[in-house]
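K.L.:
structure for this input, please:
(one chain, ligands or ions: 1)
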Amino acid sequence: MVGGICLVHYEIITNPVSGSGKGRQVSRKVQQALHQKRLSFRINVSHHAGQPRQLAQQFARQSLTDTCLIVIGGDGTLHEVVDGLLNTQQKSPLPVAYIPAGTGNDFARGYGIARKPLIALQQILDAHHLHWINVGHFVNSHHQSGIFLNNFGTGFDAAIVHRTNTSRVKKFLNQHHLGTLSYVAKAIGVLIHQPSFTVKVTTHDQTETFQQAYLVVTSNHPFIGGGIQVAPDESIDRSELELVVLEKKHFITLLGSIIMFAAGKVTKSRHARVFRGSQLQYSVSPAQHGQIDGEELGCHQFNLTMTCEKYPFLEQSIRTK
Ligand SMILES: Nc1ncnc2c1ncn2[C@@H]1O[C@H](COP(=O)(O)OP(=O)(O)OP(=O)(O)O)[C@@H](O)[C@H]1O
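P.N.:
From the prediction side, this is the model:
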């Protein structure tokens, strides 16, 4: 028994291809460490996209007790697992812990999880309590819904995700620990080609329309794109979301704002507006690229209502200790 929780078994869901193969390496290290410590665990390898969600739902339906689900992968893998768990009826929710093995690892930064796998594992083994983190929830005008642990972006950042994911050099740069460089290189390409668009934002007390929006991001914690602070004041502990709308007035002022974005100061730009709340609504037109937690959504007109929900993670966070 450890404080409020008693864990005797770890089910591990791992994505071997996350971070261009980092998932496989991290999984091997974690497996060795748990084996040496003679702890009870089982590795469940994901063989295709969508399988982390299926595995998580399978475990959730088993009403496991004294068990923690450890996820090894990037933000996309963790997203799938938490989405699967939140969409499965559970008597008491299966707690989640996370060992980052992706490229950007923004969730780990936002929650305060060590990015070195064996330290992250030690944080899990040392955990005394559950920590109910905030999770962003969205529903669109076609009643399709989903979650985000990091952010939901349309425009500039989503176009970068699209270009980076379709880039042939992504794997090479990731293997040489240059994933952020790949993001920056694509950002320059997007800057040259991406036009502005219209966004209408509604909060509990106001409606505002932006005719020249360029970047629209709703965040659950500060980080995007591998450590860029798009919402520096946001916290995963708070039951609210932060929406940043950056406008493109002229190319030169946009360049200034994007430099501020890269430096983590976009919310200080004269051309940025920040909205906060537990419920935010906005529509985007014409069709724009969208991304959730770094995974592409395709190019659509968006009409979204964002709210908050909660899910229990192990208290792995350096910040909360
Ligand atoms: N064996 C697999 N082969 C291909 N894709 C997989 C496999 N297992 C899981 N996936 C999918 O890969 C997607 C991306 O995973 P993830 O975000 O964890 O890695 P990444 O994209 O390399 O990391 P990052 O988002 O940090 O760049 C997820 O949607 C996940 O479902």
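
K.L.:
confidence score at residue 91?
P.N.:
pLDDT for residue 91: 84.

K.L.:
any idea whether it is helix, strand or coil?
P.N.:
Under DSSP: H, G, I helix; E, B strand; the rest coil, residue 91 falls in the coil class.

K.L.:
can you point out the buried residues in stretch 260-274?
P.N.:
Residues of stretch 260-274 classed as buried by neighbour count (16 or more other Cβ atoms under 10 Å): 260-261, 264, 266-267, 269, 271-273. C-beta: built from backbone N, CA, C; applies to glycine.

K.L.:
check stretch 79-92 too.
P.N.:
Buried residues in stretch 79-92 (16+ other Cβ under 10 Å): 79-86, 88.

K.L.:
farthest pair in the buried residues of stretch 260-274?
P.N.:
Using Cβ to Cβ, the pair of those lying farthest apart is 264 and 273, separated by 17.4 Å.

K.L.:
where does pLDDT dip in the stretch 151-300 of the chain?
P.N.:
Residue ranges of the stretch 151-300 of the chain with pLDDT under 70: 167-183.

K.L.:
from residue 225, how far off is the residue of it found nearest the ligand?
P.N.:
Minimum separation of the stretch 151-300 of the chain from the ligand (Cβ to the nearest ligand atom) falls at residue 294, amounting to 4.1 Å. With distances taken as Cβ to Cβ, to the nearest Å, residue 294 is found 8 Å from residue 225.

K.L.:
residue 306 now?
P.N.:
The gap separating residue 306 from residue 225 is 20 Å, by Cβ to Cβ.

K.L.:
which of the two has more neighbours?
P.N.:
residue 225 (27 against 20; other Cβ atoms under 10 Å).

K.L.:
where's residue 63, which helix or strand?
P.N.:
Assessed by DSSP states H and E, residue 63 sits outside every helix and strand.

K.L.:
pretty sure residue 269 sits against residue 257.
P.N.:
Yes: Residue 269 lies in contact with residue 257 (Cβ atoms under 8 Å); the separation is 4.4 Å.

K.L.:
re the thing from before, what's near enough to touch the residue of the stretch 151-300 of the chain closest to the ligand?
P.N.:
For residue 294, the contact set (Cβ atoms under 8 Å, 6 or more residues apart in numbering) comprises 74-76, 102, 104, 106, 150, 161.

K.L.:
hmm, 6 Å instead?
P.N.:
Going by Cβ atoms under 6 Å, 6 or more residues apart in numbering, residue 294 touches 75-76, 104.

K.L.:
the ligand next: which of the residues you listed are close?
P.N.:
Applying Cβ under 6 Å from any ligand atom, the subset of the contacts of residue 294 adjacent to the ligand comprises 75-76, 104.

K.L.:
among the residues you listed, which lie within helices?
P.N.:
Judged by DSSP state H, those include 75-76 as members of helices.

K.L.:
in a markdown table, list the ones next to the ligand among the contacts of residue 294 along with neighbour count.
P.N.:
Shown next, in a markdown table, are these (neighbours: other Cβ atoms under 10 Å):
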| residue | neighbour count |
| --- | --- |
| 75 | 28 |
| 76 | 20 |
| 104 | 26 |
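
K.L.:
output the below-cut-off pLDDT ranges for the stretch 1-150 of the chain.
P.N.:
By pLDDT under 70, the low-scoring segments of the stretch 1-150 of the chain are 1-3.

K.L.:
what do you get if the cut-off is 90, keeping everything else the same?
P.N.:
For the stretch 1-150 of the chain, residues meeting the criterion pLDDT under 90 lie at 1-8, 20, 63, 89-91, 103-104, 128, 141-144.

K.L.:
show me where it has strands.
P.N.:
Assigned by DSSP state E, counting those that start in this stretch, the strands in the stretch 1-150 of the chain fall at 9-14, 41-45, 67-73, 96-100, 130-140, 145-148.

K.L.:
quick one: closest of the ones you listed to the ligand.
P.N.:
Closest among the strands of the stretch 1-150 of the chain, using Cβ to the nearest ligand atom: strand 67-73, at 3.7 Å.

K.L.:
skip the chain neighbours and tell me the closest residue to residue 213.
P.N.:
Leaving out its chain neighbours, the residue that sits closest to residue 213 by Cβ to Cβ, 6 or more residues apart in numbering is residue 199, at 4.1 Å.

K.L.:
please read the previous query as pertaining to residue 131.
P.N.:
residue 315 (4.2 Å).

K.L.:
surely the one you found touches residue 126?
P.N.:
No: counting by Cβ atoms under 6 Å, residue 315 sits too far from residue 126 to count as a contact (9.1 Å).
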